[in-house]
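Colleague: One predicted model, sequence on top.
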Amino acid sequence: MPTKEAPGADGTVGGLRGASRGDRAVVPDVPRGLHGVVVTETEVGDVRGQEGFFHYRQHSGVELAERRSLEDVWALLFDGTLPEGEARAAFAAEVAAARALPDGIEDVVRDVAARASGTGPLDGLRTVLSAVAAAERFRPTYDVDAAALRAHAVRLAAVTPTVVAALHRLAAGLEPVAPRPDLGHAANYLWMVHGTAPTPEAARAVEQYLVLTVDHGFNASTFTARVIASTGADLGAAVVGALGALSGPLHGGAPSRALDLLDAIGSPDRAAAHIRGAVERGERIMGFGHAVYRTDDPRSVLLREVAQGLGGARVDMAVAVERLIVDTLAELKPGRELYANVEYYAGVVMEAAGLPPALFTPTFSVSRVIGWCANVLEQATDNRIIRPSARYVGPPPPQPVPDPA
């Protein structure tokens, strides 16, 4: 049962309130963007940027992507341990049974697809998941026990790829494809997108991408989900808010932009000159640099191998250009330690597996919604509303209010 905190006399939970004029002296200064600031404790996972290492609970994220299924990692995040034997099969069956759209939601999907034509599935996903939460009668996290909240989390994460695939197909003038319970989660997603069974190689490549991106510390979208959950709001509200954060190009919207970069470069021999010109113009090099990693992004390293396993001209181009870009950035931005991040090879892998650019960030959401839900489950177990302070820097108050002219 989630821990409850009674509101204080001032309407706050746990007596938490914003800084007043009398206590400003004890409010600590923090870096812009909260970089490096620890705001809570978590057992979900962590990122050790200086080492180039990240983990989900007690296991290496890269090793999990190399050796286990998405469903296994999902169970690890929700339940704390990797499932084995009958428990493993039971969890996979639980997920498969939760993939179908709730009654009446297909009509919502069709309406959203018709109205959101040209904006891509991610915008529509926010609306449809709100409708799913309402149809499933999700109650505030403050009012439900741990078992009910976990059921909400499995349902919302399981139905997300069904919604993404349906929105994509409807936008293309095609009918949605129903999920198949006999397929793994990644393979089923590709099945619903294309209407044909994927090759084992494509399904495994997408699965490894999904495992690598299921969670990654207190990034912007995960923090957003936990802030919303801390108010006691329902799980759907937390996930939809996180989707809003993910939609920004500085967070989840860069995989297709990394491919745009490769298109703009054209050939490896033009890479150095192109990057040099972009840096001189003050442009951001999409797919390179990370807020936490100061060495190779371990997700990018594995995805490079995954991409090379799929093969193709785009993959060869990406591998050849990567080192040229890293070397050029090291020359022009000494000390910045800019390497390819997960988004650089994410687009390459997804394209090689048959996914179009319009589905890159929505596919990221198929994975990350699992991590968001795991964080909401954790937030609810020992909740305190997240209510930071801001330093006022405007004109000094109080100033007289003039009568209207």
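Modeller: Noted; the coordinates are in hand. Numbers count the residues shown, from 1 in each chain.
Colleague: hey, let's count contacts and neighbours off CA atoms from now on
Modeller: Will do.
Colleague: Name the next helix or strand following the lowest-mean-pLDDT helix or strand in the chain along the chain.
Modeller: In the chain, no helix or strand scores lower on mean pLDDT, DSSP states H and E than helix 255-265, which sits at a mean of 84. Sequence order places helix 271-280 as the next helix or strand after helix 255-265, per DSSP states H and E.
Colleague: list the helices and strands that next one packs on?
Modeller: helix 313-332 (3 or more Cα pairs under 8 Å, 6 or more residues apart in numbering; DSSP states H and E).
Colleague: part of a strand, is Arg391?
Modeller: No. Arg391: not assigned to a strand; according to DSSP: H, G, I helix; E, B strand; the rest coil it is coil.
Colleague: so how many other residues sit close to it?
Modeller: Other residues near Arg391 come to 9 when the count uses other Cα atoms under 10 Å.
Colleague: same deal with Ala202?
Modeller: Neighbours of Ala202 under the rule other Cα under 10 Å: 22.
Colleague: Could you tell me which residues make contact with the closest residue to it other than its chain neighbours?
Modeller: Nearest non-adjacent residue to Ala202, counting by Cα to Cα, 6 or more residues apart in numbering: Ala353, 4.8 Å away. Taking Cα atoms under 8 Å, 6 or more residues apart in numbering, we find Ala353 in contact with Ala202, Ala203, Ala205, Val206, Leu310.
Colleague: change it to 10 Å
Modeller: Leu190, Pro198, Thr199, Glu201, Ala202, Ala203, Arg204, Ala205, Val206, Ala307, Leu310, Gly347 (Cα atoms under 10 Å, 6 or more residues apart in numbering).
Colleague: now do Thr328
Modeller: Contacts of Thr328 (Cα under 10 Å, 6+ apart): Ala271, Ala272, Ala273, His274, Ile275, Arg276, Val279, Pro334, Leu338.
Colleague: So it versus Arg276, what's the distance?
Modeller: Thr328 sits 7 Å away from Arg276, taking Cα to Cα, to the nearest Å as the criterion.
Colleague: what's the average pLDDT for the lengthiest helix in the chain?
Modeller: Ranked by number of residues, the top helix in the chain under DSSP state H is helix 146-171. Across helix 146-171, pLDDT averages out at 97.
Colleague: chain center to the following helix or strand past that helix, what's the gap?
Modeller: Beyond helix 146-171 on the C-terminal side, the first helix or strand identified by DSSP H and E is helix 185-194. The chain centre lies 19 Å from the centre of helix 185-194; the measure is Cα atoms, centre = their mean, to the nearest Å.
Colleague: between helix 185-194 and helix 146-171, what angle do the directions make?
Modeller: Between helix 185-194 and helix 146-171, the angle comes out at 30 degrees (axes from the mean of the first three to the mean of the last three Cα atoms, to 10 degrees).
Colleague: other SSEs contacting helix 185-194?
Modeller: Contact here means 3 or more Cα pairs under 10 Å, 6 or more residues apart in numbering; DSSP states H and E; on that basis helix 185-194 packs against helix 70-79, helix 85-97, helix 146-171, helix 200-212, helix 360-381.
Colleague: Which parts of the stretch 1-150 of the chain are strands?
Modeller: 45-48, 53-56, 59-60 (DSSP state E, counting those that start in this stretch).
Colleague: Direction included, what does the shortest one pair up with?
Modeller: Read that as strand 59-60. With DSSP bridges as the test, strand 59-60 is paired with strand 53-56 (antiparallel).
Colleague: helix or strand for Thr295, which one?
Modeller: Short version: Thr295 belongs to no helix or strand, going by DSSP H and E.
Colleague: tally of neighbours for the closest residue in space to it that isn't next to it in sequence?
Modeller: Nearest non-adjacent residue to Thr295, counting by Cα to Cα, 6+ apart: Gly52, 5.7 Å away. Gly52: 15 surrounding residues under other Cα under 10 Å.
Colleague: next one: Thr381
Modeller: Thr381 has 16 neighbouring residues, counting by other Cα under 10 Å.
Colleague: Tell me if I'm right that it and Arg226 touch.
Modeller: No. Checked against Cα atoms under 10 Å, the pair Thr381 and Arg226 is beyond contact range at 11.9 Å.
Colleague: OK, contacts around Glu305?
Modeller: Applying Cα under 10 Å, 6+ apart to Glu305 gives the contacts Ala205, Gly311, Val315, Val319, Tyr345, Val349.
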